[in-house]
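Enquirer: Structure here, sequence nowhere to be found:
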Ligand code: ATP
Ligand code: MG
């Protein structure tokens with residue numbers, strides 16, 4: 001576990017997600033930092049001036065003109081501080097919004113490209129939520145950690161040089177004292193609490209998993225009369241976690257105390273130094289004492305948040321890692337030219353394919369032509385390469401050898417425009433957590449409600465949705481659980497119908513349904529898709545008799561091919577399968 005968690009530094013160095021955008025908006029970034037610096041500079045200067053002014057005024061200046069300049073300066077800094085602060089907020093938020101909108105676009109493109117594989121890697125939409133949450137985190141990373149830290153460093157350098165000009169040895173003293181606040185405390189925070197936070201995260205996850213797992217199996221605990229035992233063991237784990245929480249908090253309190261003490265020491269040191277450096281009476285050099293001392297207070301605002309900010313980098317680490325672990329986005333991925341095809345013939349010529357990094361040939365020298373509006377069933381055992389073939393047809397993978405064309409154009413070159421030509425329904429269609437209307441409209445954003453009702457009618461869901469209290473505006477809860485498997489497939493079909501693609505790929509769209517529902521669903525599918533090319537991947541024969549042609553894939557090759565009637569009449573293997581399928585499905 002530990003060796004897999006890279007250090008903060010490694011992560012930020014290897015980061016390929018955020019850095020390019022840092023470069024892109026360099027100008028705004030510098031402006032935000034300079035403005036942040038000027039805000040604190042004005043605050044410090046305001047106090048400095050005020051300190052001088054108060055002392056000077058208290059010592060009864062001979063002439064009001066003596067304090068005229070400090071009065072004007074006090075006004076000027078009094079105004080410039082909020083103005084700089086306001087502009088700084090505008091600029092830094094503007095910068096962050098620009099960054100995050102670019103990041104979101106990039107995230108979208110990456111996920112979109114990877115959509116087919118994505119499905120198999122992550123079952124729910126959780127990951128999407130997680131990733132977009134990550135981008136929110138990054139927003140905070142900049143606003144709450146990076147900006148304040150860099151600004152504090154700039155101030156630090158400025159103060160040290162400034163003091164150094166008055167007296168080199170006191171400059172050196174402050175270099176060390178402020179260094180404790182700016183570097184040492186944040187560093188210790190990250191080191192001490194970083195490890196604890198990591199541990200806290202792991203054990204929280206663990207606890208959560210155990211709890212959900214055991215709640216799902218709660219009846220077994222109760223039946224075996226060991227419920228108490230489970231509760232005890234859970235409480236023990238929970239107590240450990242609380243202890244860890246307590247440790248983190250205790251450290252934070254202690255650290256804040258040290259921080260306040262450090263500021264106290266710094267203030268007294270400045271007071272002492274200024275008293276020695278500017279000896280004299282009221283009205284003389286002594287006026288500077290208050291000026292220097294008061295300046296410390298606004299600067300505390302700049303330095304105090306640093307340890308907390310540094311500690312937060314631990315939280316952002318996961319986000320940065322997750323984003324960087326996403327697949328790379330190739331430059332030429334967004335196809336901008338319009339692709340239109342006149343016929344929908346799919347031609348697969350001499351195609352071989354193996355997954356990158358594996359030696360196994362999944363497909364070998366496949367030859368297949370699928371005519372416009374043909375109804376084709378692809379059968380084969382689990383792992384025989386059916387889904388791989390489907391992915392190649394859709395152009396989401398490129399064959400190692402040979403070519404796959406749709407209407408004469410290689411499908412790999414369609415990019416995201418393939419969605420206009422080939423629609424896909426998977427084994428477990430995903431429903432998004434929004435209204436039914438939006439879920440169907442994913443097929444075609446601009447479709448009217450009337451059109452949506454039409455396709456819902458075609459897929460046999462009209463009545464059911466009309467019966468819902470909120471009709472089309474009913475929310476689909478997470479992962480679409482309120483819908484049965486069959487209903488979910490019907491909704492997916494409605495999407496495809498709305499999308500109106502000439503070719504529809506069905507990848508085992510009925511797995512997990514009972515034979516009767518399956519047959520109904522298949523009937524609906526074939527009826528609704530009558531004037532389209534259907535490529536239907538299935539592992540058993542139910543419904544296959546409605547197809548024009550059946551092909552079998554085995555060991556990466558096409559084994560038999562023919563119309564269902566032909567195969568049933570002449571092919572012994574097919575006859576055997578048919579017998580088995582009849583036997584299991586009782587139709
Ligand atoms: P099923 O009926 O179970 O869905 P399938 O016929 O669709 O099976 P494929 O998913 O095409 O089979 O897989 C064919 C072979 O390729 C399998 O041996 C599988 O392990 C391998 N394979 C699939 N996807 C990948 C991948 N992303 N990387 C490496 N190998 C893969
Ligand atoms: Mg498959």
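Expert: Arrived safely, thanks for sending. Given the structure is predicted, the values throughout are model-derived calculations rather than measurements. Residues are numbered from 1 along each chain as shown. Ligands and ions are numbered 1, 2, ... in the order given.
Enquirer: how about the nearest residue to residue 227, chain neighbours excluded?
Expert: Nearest non-adjacent residue to residue 227, counting by CB to CB, 6 or more residues apart in numbering: residue 221, 4.9 Å away. For glycine as for every other residue, the C-beta is placed from the backbone atoms N, C-alpha and C.
Enquirer: Tell me how far the one you found lies from residue 213.
Expert: According to CB to CB, to the nearest Å, residue 221 stands 11 Å off from residue 213.
Enquirer: So for the two, which residue has more residues nearby?
Expert: residue 221 (16 against 10; other CB atoms under 10 Å).
Enquirer: picking up where we left off before, does the residue nearest to residue 227 sit in a helix, a strand or a coil?
Expert: When classified by DSSP: H, G, I helix; E, B strand; the rest coil, residue 221 comes out as helix.
Enquirer: same deal with residue 565?
Expert: Look at residue 565: counting by three-state DSSP, its state is helix.
Enquirer: got any ranges where the stretch 251-400 of the chain has weak pLDDT?
Expert: Scanning the stretch 251-400 of the chain for pLDDT under 70 picks out 281-284, 327-338.
Enquirer: returning to what we had before: roughly how far does the residue nearest to residue 227 sit from residue 577?
Expert: In this view, residue 221 and residue 577 are 45 Å apart by CB to CB.
Enquirer: what do you get for residue 356?
Expert: 33 Å.
Enquirer: out of these two, which sits in the more crowded spot?
Expert: Shown here are residue 356 and residue 577; by other CB under 10 Å, residue 577 has more neighbours (18 against 6).
Enquirer: does the more buried one belong to a helix or a strand, and which?
Expert: helix 572-585 (DSSP states H and E).
Enquirer: Over that helix, what's the mean pLDDT, rounded is fine.
Expert: The predicted model gives helix 572-585 an average pLDDT of 76.
Enquirer: buried residues in that helix?
Expert: Buried residues in helix 572-585, counted by 16 or more other CB atoms under 10 Å: 574, 577-578.
Enquirer: Counting by contacts, list what that helix packs against.
Expert: When contacts are defined as 3 or more CB pairs under 8 Å, 6 or more residues apart in numbering; DSSP states H and E, helix 572-585 packs onto helix 564-570.
Enquirer: The helix it packs on packs against which elements?
Expert: Judged by 3+ CB pairs under 8 Å, 6+ apart, helix 564-570 is in contact with helix 572-585.
Enquirer: Give me the contact list for the helix it packs on.
Expert: For helix 572-585, contacts defined as CB atoms under 8 Å, 6 or more residues apart in numbering pick out 515, 540-542, 550, 560, 567-568.
Enquirer: Equivalent analysis for stretch 551-569, please.
Expert: Contact with stretch 551-569 is made by 361-368, 376-381, 384-386, 389, 544-545, 547-550, 570-571, 573-575, 578, as judged by CB under 8 Å, 6+ apart.
Enquirer: swap in stretch 29-45?
Expert: Stretch 29-45 is contacted by residues 22, 73, 77, 80-81, 84-85, 87-88, 91-92, 95, 147-148, 150-151, 154-155, 158, 295, 298-299, 301-302 when judged by CB under 8 Å, 6+ apart.
Enquirer: what's the answer for stretch 430-443, then?
Expert: Contact with stretch 430-443 is made by 119, 125, 423, 447, 449, 452, 455-456, 465, 468, 471-480, 483, 488, 491, 494-499, as judged by CB under 8 Å, 6+ apart.
Enquirer: Let me see the contact set for the closest residue to ligand 1 within the stretch 451-587 of the chain.
Expert: Of all residues in the stretch 451-587 of the chain, residue 539 sits closest to ligand 1, at 5.3 Å by CB to the nearest ligand atom. Contact analysis of residue 539 by CB under 8 Å, 6+ apart lists 379-382, 386, 508, 511.
Enquirer: repeat for residue 343
Expert: Contact analysis of residue 343 by CB under 8 Å, 6+ apart lists 372, 407-408.
Enquirer: Swap in 6 Å and give it another go.
Expert: 372, 407 (CB atoms under 6 Å, 6 or more residues apart in numbering).
Enquirer: What of residue 390?
Expert: Residue 390 sits next to 505, 507, 537 when contact means CB under 6 Å, 6+ apart.
Enquirer: Please flag which of the contacts of residue 539 sit within strands.
Expert: 379-380 (DSSP state E).
Enquirer: of the contacts of stretch 430-443, buried ones?
Expert: Among the contacts of stretch 430-443, those classed as buried by 16+ other CB under 10 Å are 119, 423, 447, 452, 455-456, 465, 472, 476, 479-480, 483, 488, 491, 494-499.
Enquirer: Tell me the predicted confidence for residue 478.
Expert: 51.
Enquirer: ignore the last one, residue 195
Expert: 82.
Enquirer: Which strand or helix spans it?
Expert: Here residue 195 is assigned to helix 185-216, by DSSP H and E.
Enquirer: helices and strands around that helix, which ones?
Expert: helix 227-277, helix 306-324 (3 or more CB pairs under 6 Å, 6 or more residues apart in numbering; DSSP states H and E).
Enquirer: and the angle from the following helix or strand past the longest one to helix 185-216?
Expert: Downstream of helix 227-277, the next assigned helix or strand under DSSP H and E is helix 287-303. Direction vectors for helix 287-303 and helix 185-216, defined by axes from the mean of the first three to the mean of the last three CA atoms, to 10 degrees, enclose an angle of 30 degrees.
Enquirer: angle of helix 287-303 against helix 227-277?
Expert: Going by the same axes, to 10 degrees, helix 287-303 makes 160 degrees with helix 227-277.
Enquirer: Indicate whether stretch 309-327 makes contact with ligand 1.
Expert: No. Judged by CB under 6 Å from any ligand atom, stretch 309-327 stays clear of ligand 1, getting no closer than 11.4 Å.
Enquirer: List the buried residues of that stretch.
Expert: In terms of neighbour count (16+ other CB under 10 Å), stretch 309-327 has its buried residues at 309-314, 316-323, 326.
Enquirer: Tell me the one among the residues you listed nearest to ligand 1.
Expert: For these, the residue nearest ligand 1 by CB to the nearest ligand atom is residue 326; the value is 15.3 Å.
Enquirer: Now do the contacts for that closest one.
Expert: Contacts of residue 326 by CB under 6 Å, 6+ apart are residue 110.
Enquirer: Distance of it relative to residue 278?
Expert: Relative to residue 278, and taking CB to CB, residue 326 is found at 60 Å.
Enquirer: Spell out the secondary structure type for the residue nearest the centre of the chain.
Expert: The centre of the chain sits closest to residue 131, judged by CA atoms, centre = their mean, with a distance of 1.4 Å. At residue 131 the chain is in helix, as set by three-state DSSP.
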